[in-house]
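S.K.: mind folding the following:
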Amino acid sequence: MASDPAGAEAVLERVLAADPRNIGALLLKGDSRTRLGDSRAAIAFYKAALDAASRLSSVPPALQAALGQAQRQIAAFSARYEDELRARLANDIGGVSISPRIAEALDILTGKREVFVQQPQSFYFPGLPQIQYYEREQFDWVSAVEAETEAIREELLAVLAQDGAFRPYVESEPGRPAKQNSMVGDPRWGAWYLWRGGEAVAGRAERCPRTMAALEHAPIPRVTGRSPMALFSRLQPGMHIPAHTGFLNTRLICHLPLVVPAGCRFRVGNETRQWEEGKLLIFDDSMEHEAWNDGSQDRVVLLFEVWRPEISAEDRAALTVMFEYISAYDA
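M.R.: Residues are numbered from 1 along each chain as shown. Below is the predicted model of the structure:
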């Protein structure tokens, strides 16, 4: 390789033709392509060597250092590739800021973010866009709900002062097999329902009239036996809700943050955000999501669901019929 790179290439090609998973030959081929300035091919051979090594129960010590060097070389090539691509963008689009979608696409391309898609547990409606968070400014009803934040918080605090009868958010259903979920029966993630299974919970709507009135501004599904669904969701200090997905992709979940101590965060797909009191957080719960409260106090949000804006009135009517049949059948 030092004096006859073409000859070295020929020898390595013969070795790899006989043994395509030969780790040493793959590494040397990557080195050879690096010397020849072919970074894309070099990365491919280095990655093939690392993949072959990952399938071994143990890696020979003589190869470990070379594999580490291959990883560093991949990282260096990737960083240069990203820098050059970003510089090209900055130069060719005339100083215009790139959109959040282009920024996310770049992060996915360069391995900084993963791709997440809708994976509802029970019902999938095709053709909907894969959007993790929806921005508050997209909806004309948001401001009316947010304007009631203080009144809703006062009603919540009265509930907490009077009884604080929060049930675990995840509970097994009577007459059904126990749920195989680490969160079952855990009171650290608690719920105080206002609407459940399409019915206002007796004695609770009367205690929270301003909250119930605020919910009327939102396009909440009306499905017998299923929706509306609205509750105060409490996450206690030190609690982590593991990554999971919801049941449907026909809805969006809304959080109106009411009590948010420092140290709380929420991830949907590849983006993590913080709750801000009085500002709705709207997301697609059919995508993987999880939450943390690393603070010293409870975090409480008003949680409710709305129709996805992309679903037409006609399709909403058809889905309502379908969901009502499913709910009646499941009962």
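S.K.: what is the helix ranked longest in the chain packed up against?
M.R.: In the chain, with assignment by DSSP state H, the single longest helix is helix 61-92. Contact here means 3 or more CB pairs under 8 Å, 6 or more residues apart in numbering; DSSP states H and E; on that basis helix 61-92 packs against helix 23-35, helix 39-54, helix 100-109. Yep, even glycine has a C-beta here, placed from its N, CA and C like the rest.
S.K.: for the second one, buried residues please.
M.R.: Which is helix 39-54. Ser39, Ala42, Ile43, Ala44, Phe45, Tyr46, Ala48, Ala49, Leu50, Ala52, Ala53 (16 or more other CB atoms under 10 Å).
S.K.: just the C-alpha atoms of it, please, in CSV.
M.R.: Only the C-alpha atoms of helix 39-54 are listed here, as CSV (Å, rounded to 0.1, in the frame of the first residue of the first chain):
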residue,chain,number,x,y,z
SER,A,39,-14.2,9.1,1.3
ARG,A,40,-17.7,7.7,0.5
ALA,A,41,-16.2,4.3,-0.4
ALA,A,42,-13.9,4.4,2.6
ILE,A,43,-16.8,4.9,4.9
ALA,A,44,-18.7,2.0,3.3
PHE,A,45,-15.7,-0.3,3.9
TYR,A,46,-15.1,0.9,7.4
LYS,A,47,-18.8,0.4,8.3
ALA,A,48,-18.7,-3.1,6.8
ALA,A,49,-15.7,-3.9,9.0
LEU,A,50,-17.4,-2.6,12.1
ASP,A,51,-20.6,-4.6,11.2
ALA,A,52,-18.6,-7.8,10.8
ALA,A,53,-16.8,-7.2,14.1
SER,A,54,-20.1,-6.6,15.9
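S.K.: which other helices and strands does it contact?
M.R.: helix 23-35, helix 61-92.
S.K.: what about stretch 19-27, distance to the chain center?
M.R.: 38 Å (CA atoms, centre = their mean, to the nearest Å).
S.K.: what comes up buried for that stretch?
M.R.: Buried residues in stretch 19-27 (16+ other CB under 10 Å): Asn22, Ile23, Ala25, Leu26, Leu27.
S.K.: what sits up against it?
M.R.: Applying CB atoms under 8 Å, 6 or more residues apart in numbering, the contact partners of stretch 19-27 are 12, 15-16, 45-46, 48-49, 52-53, 63, 66-67, 70.
S.K.: show me which of those residues is closest to Ile93.
M.R.: Tyr46 (32.1 Å; CB to CB).
S.K.: quick check: the gap between the closest one and Glu154.
M.R.: According to CB to CB, to the nearest Å, Tyr46 stands 61 Å off from Glu154.
S.K.: could you do Arg55 as well?
M.R.: Taking CB to CB, one finds Arg55 at 61 Å from Glu154.
S.K.: do Gly203 as well
M.R.: For Gly203, the distance to Glu154 - CB to CB - is 18 Å.
S.K.: which one's more surrounded, those two?
M.R.: Between Gly203 and Glu154, counting by other CB atoms under 10 Å, Glu154 is the more crowded of the two (14 against 7).
S.K.: next, the contact list for the more buried one, please.
M.R.: By CB under 8 Å, 6+ apart, Glu154 lies in contact with Arg210.
S.K.: count the neighbours of the closest residue to Gly197 other than its chain neighbours for me.
M.R.: Closest residue to Gly197 apart from its sequence neighbours, by CB to CB, 6 or more residues apart in numbering: Gly225 at 5.9 Å. Burial of Gly225 is recorded as 15 neighbouring residues (other CB under 10 Å).
S.K.: which element is Val306 on?
M.R.: Assigned by DSSP states H and E, Val306 falls within strand 299-307.
S.K.: rewinding a little: will you turn the buried residues of stretch 19-27 into a markdown table that also has distance to Asp186 and pLDDT?
M.R.: Listed next are the buried residues of stretch 19-27 as a markdown table, based on distance: CB to CB, whole Å; pLDDT from 0 to 100:
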| residue | distance to Asp186 | pLDDT |
| --- | --- | --- |
| Asn22 | 51 | 93 |
| Ile23 | 46 | 92 |
| Ala25 | 53 | 92 |
| Leu26 | 48 | 94 |
| Leu27 | 49 | 94 |
